[in-house]
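Trainee: Following is a predicted model, sequence given first.
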Amino acid sequence: MKRPARSPPTRDRLAGLAATARQSMQQALAQINHAAPQRAAATLASVLAVAPEHPEALRLLALARYKMGQPREAVPLLRRALLGWPDDAVLLSTLGGLLGNLGETEEALDVLARACAAQPPLAAAWFNRGRLQSAQADVGPARDALRRAVELEPGHVPARILLAGALATLGDTAAAAGEYRRAIAYEPGAAQAWLGLVNLKTVHLDAGESQQLARLHASASPNEAERIASGFALGAVREDEGRYAEAFDLLVAANAAVRRRLPWDAAGFSREVDAIAAAFAQGSRTSTTNDELGGEVIFIVSLPRSGSTLTEQILAAHPEVEGASELPDLEAVIEEESRRRAMRFPAWVGTTTPADWQRLGQRYLERTRRWRSDRPRFTDKMPDNWRYAGALLAMLPAARIVNCTRDPLETSWSCFKQLFGPGRQAHSYDLADLGAYWRDYTRLTRHWSALQPARFRNFSYESLLADSSAAVHSLLAFCDLPFDAACLQSHTATRPVRTASAAQVREPLRSDTRRAAHYGALLDPLRQALAGPHDAAAGLD
């Protein structure tokens, strides 16, 4: 099934231009579509020389600038274009999408709402709106906007992929699988749709789909990004089929391709962990004098794939707790302070006063106010916040930190099988780096636990499997929450879940999640890396 052609906007976008200028505009658009933005900008120069304020010429130049890696130079061009066509939905949609990419979220959403109102049948406007709402965790409205986009343009594959992701987040796994499969029907080479379908984890490909994915991965047509995505997807399928040696080879190749694009300095990260531990050594740390600050929040930290989503699902089943998922706010507050002081964290920690910590804690609570509108407490489940736990404990003395742990081999191998978002978890694409990262994480979290045992608690995935009732009772007690039986049936909780475990946490707890043993000696390099250079001979079960 081929994607149908987009319906052209009703406005003659080349109106007012001479025949030669029209030809140049068409040529420039083709150059933009064929990854030649510099040539497009040169082509458009002749048009703008005779029609310097033509809105469509300015829009195309803005697109060329964006493709050239100059998004901030593109914005004023679009604003100029809107002076000529103030209610043009295409211009508004383009500007809104660009502002969203630049982090100007509030204005972007306003501009995109104007675009949808100005020309309701424009699928691109609804797509850009839904994409930004998804990024802002406004999942219900995002689903509705993306659904409108695919109703207007059924072959809009990126919109279908995002719609599937929104549906999965909202717990409608069957509908999500259907949208991924419809995207594949329109575009069989859509590797991201294949990966999304496989990443539902509770949905399995049939034999025909498995063969189709294998043909896609073996074909010469995918670019490197698509080959990486299809490699991760096919590796997961081969594991599901019990073809472990093939799965291993596929995953090693896919991870190596990511690593070439996303290098990682393991030694540099270890030095950073040393600096953080030294900055928050016993006796050298100060904190706010307001001991009650932060009682509203429960932080959940971990390595990825360690059960943090399940832990949040348990807590969010409690009537007093809102599950906010992965929030960027703590890191943003730390980065704001680093910019203010013109020093990287943790270099400025030693000069911080109790008043500074209180200011930072209040700033975090201001940023996260919306998560306390319905329930008095909320969870912040950003896994990487384990690095900032020292600052967190100083900023918010009444907060609790739950550190989710899982068997290191299973955790690391699960990370190796996961293609994370762009630029995220750069350490996870090499087995040696995974081992080094786990060791750094372990020594720093042990440091926090030793400093603040009453506020920093490990929560073991294996203990939850062994005796879920005892584990849940202990977790709630640590978080100063009264026991509620709903937490023992957390898979029935209805809430958005924005992680790779979205479908899994909506099923009853399973004890058959271990996979590493199937790979035998193939994972010996990972076992050795996890054991460390001094303990490698002992191995790791």
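Mentor: Sure, I can see it.

Trainee: make it CA atoms for all contacts and neighbour counts henceforth
Mentor: Noted.

Trainee: May I see the domains of the protein written out as residue ranges?
Mentor: As recorded under automatic domain parsing, the domains making up the chain are 159-261, 266-509.

Trainee: burial measure for Pro482, as a count.
Mentor: Counted with other C-alpha atoms under 10 Å, the neighbours of Pro482 add up to 11.

Trainee: In this structure it contacts Leu475, no?
Mentor: No. Using C-alpha atoms under 8 Å, Pro482 makes no contact with Leu475, being 10.4 Å away.

Trainee: rewinding a little: output the domains of the chain in JSON lines, with distance to Pro37 and mean pLDDT appended to each entry.
Mentor: Putting the domains of the chain into JSON lines (distance: least, C-alpha to C-alpha, whole Å; pLDDT from 0 to 100) gives the following:
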{"stretch": "domain 159-261", "distance to Pro37": "19", "mean pLDDT": "94"}
{"stretch": "domain 266-509", "distance to Pro37": "23", "mean pLDDT": "90"}
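
Trainee: So which of these is nearest Arg515?
Mentor: Of all the domains of the chain, domain 266-509 sits nearest to Arg515, with 6.9 Å by C-alpha to C-alpha.

Trainee: Distance from the chain centre to that closest one, please.
Mentor: With C-alpha atoms, centre = their mean, to the nearest Å as the basis, domain 266-509 stands 16 Å off its chain's centre.

Trainee: what about Trp448, neighbour count?
Mentor: Trp448 has 23 nearby residues by other C-alpha under 10 Å.

Trainee: Could you report the separation of it from Trp413?
Mentor: From Trp448 across to Trp413, the span is 25 Å (C-alpha to C-alpha, to the nearest Å).

Trainee: Equivalent analysis for Arg359, please.
Mentor: Arg359 is 40 Å from Trp413, by C-alpha to C-alpha.

Trainee: Show me which of those two is the more surrounded one.
Mentor: The residue with more neighbours, out of Arg359 and Trp413, is Trp413; 19 against 14, by other C-alpha under 10 Å.

Trainee: check contacts around the more buried one.
Mentor: Ala516 (C-alpha atoms under 8 Å, 6 or more residues apart in numbering).

Trainee: Against Leu262, how distant is the residue nearest the centre of the chain?
Mentor: When C-alpha atoms, centre = their mean is applied to the chain, the residue found nearest the centroid is Gly421 (5.0 Å). Going from Gly421 to Leu262 by C-alpha to C-alpha gives 12 Å.

Trainee: Same check on Gln418?
Mentor: Counting by C-alpha to C-alpha, the gap from Gln418 to Leu262 is 15 Å.

Trainee: Counting neighbours, go ahead and name the busier of those two.
Mentor: Between Gln418 and Leu262, Gln418 has the larger neighbour count (other C-alpha under 10 Å), namely 22 against 15.

Trainee: ok, the more buried one touching Ser230?
Mentor: No. With contacts counted by C-alpha under 8 Å, Gln418 stays clear of Ser230, the gap being 11.9 Å.

Trainee: buried set for the host helix or strand of Leu112?
Mentor: In this structure, Leu112 sits in helix 105-118 according to DSSP states H and E. For helix 105-118, burial by neighbour count (16 or more other C-alpha atoms under 10 Å) applies to 105, 108-109, 111-116, 118.

Trainee: With respect to pLDDT, which of the residues you listed ranks lowest?
Mentor: Least confident of these in the model: Thr105, at 88.

Trainee: got the contact list for it?
Mentor: Applying C-alpha under 8 Å, 6+ apart, the residues near Thr105 are 99, 132.

Trainee: any idea how far it lies from Gln211?
Mentor: 42 Å.

Trainee: cool, and His34?
Mentor: Distance from His34 to Gln211, by C-alpha to C-alpha: 31 Å.

Trainee: residue contacts, Glu106?
Mentor: Contacts of Glu106 by C-alpha under 8 Å, 6+ apart: none found.

Trainee: how near is it to Gln136?
Mentor: From Glu106 to Gln136 the distance is 10 Å (C-alpha to C-alpha).

Trainee: could you dump the strand or helix carrying Thr94 to CSV, C-alpha only?
Mentor: Assessed by DSSP H and E, Thr94 sits inside helix 89-101. In CSV, the C-alpha atoms belonging to helix 89-101 read as follows (Å, rounded to 0.1, in the frame of the first residue of the first chain):
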residue,chain,number,x,y,z
ALA,A,89,-1.8,27.6,8.1
VAL,A,90,1.3,26.3,6.3
LEU,A,91,3.4,29.1,7.6
LEU,A,92,2.0,28.8,11.1
SER,A,93,2.5,25.1,11.1
THR,A,94,6.1,25.4,10.0
LEU,A,95,6.8,28.1,12.6
GLY,A,96,5.1,26.2,15.3
GLY,A,97,7.1,23.0,14.5
LEU,A,98,10.4,25.0,14.5
LEU,A,99,9.7,26.7,17.7
GLY,A,100,8.9,23.4,19.3
ASN,A,101,12.2,22.0,18.2
